[in-house]
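In: With the sequence up front, the predicted model follows.
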Amino acid sequence: MIYLETGESGYITGICSVEIAGSTEFAGELPDGFEAGFPYYRLMEGKLVYDGEKQAETEKKRKRTERIAELKGLLAATDYIAAKISEGAATREEYAEKLAERQNWRDEINAIDEA
């Protein structure tokens, strides 16, 4: 016997082998891979229902977050350029190509944020 915890929308938020307050007893069969992907299941009328759209959306968000982190890392690695230019140790012309790249990275971050 297992007990399932659900959020307000009915999606599974936890699995327990003992009853805890607010959990629901579940006597049915767990689908293969359920424990690894239980946040994508809802408990509806005593049955587990898989939501592939939620999993796809979660994966899409994860990829966007990873890409933003990658782009911010690229920006951080080239922050020295702005410091050199502001201190007069370099010119915008010397770093024109890299400055254009940095702008493209910022534009991509903004586009991802707006999506």
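Out: Yep, that arrived.
In: ranges for the helices of this protein?
Out: Listed in chain order, the helices of the chain (DSSP state H) span 34-37, 52-77, 79-86, 96-114.
In: tell me the contacts of the residue nearest to residue 2 when sequence neighbours are not counted?
Out: Nearest non-adjacent residue to residue 2, counting by CB to CB, 6 or more residues apart in numbering: residue 26, 5.4 Å away. Quick note: C-beta positions are derived from backbone N, CA and C, even for glycine. Residues near residue 26 by CB atoms under 8 Å, 6 or more residues apart in numbering: 1-4, 43, 46, 48.
In: Quick one: residues contacting the residue in the chain sticking out farthest from the centre.
Out: What lies farthest from the middle of the chain is residue 88; by CA atoms, centre = their mean that is 40.0 Å. By CB under 8 Å, 6+ apart, the contact list for residue 88 is empty.
In: And for residue 71?
Out: Residues in contact with residue 71 (CB under 8 Å, 6+ apart) are 105-106, 108-109.
In: Who's the closest spatial neighbour of it, skipping the chain neighbours?
Out: Leaving aside its chain neighbours, residue 71 sits nearest to residue 105 (4.7 Å; criterion: CB to CB, 6+ apart).
In: ditto for residue 7
Out: Of all residues not flanking residue 7 in the chain, residue 13 sits nearest, at 4.9 Å (CB to CB, 6+ apart).
In: And for the one you found, the neighbour number?
Out: Neighbour count for residue 13, taken as other CB atoms under 10 Å: 15.
In: from what I can see it touches residue 22, true?
Out: No - Residue 13 lies out of contact with residue 22 (CB atoms under 8 Å); the separation is 9.9 Å.
In: Contacts made by the lowest-mean-pLDDT helix or strand in the chain with the rest, please.
Out: When each helix and strand of the chain is scored by mean pLDDT, DSSP states H and E, helix 34-37 comes last, with a mean of 82. For helix 34-37, the external contacting residues (CB under 8 Å, 6+ apart) are 15, 41, 48, 50, 55.
In: Good, we can wrap up now.
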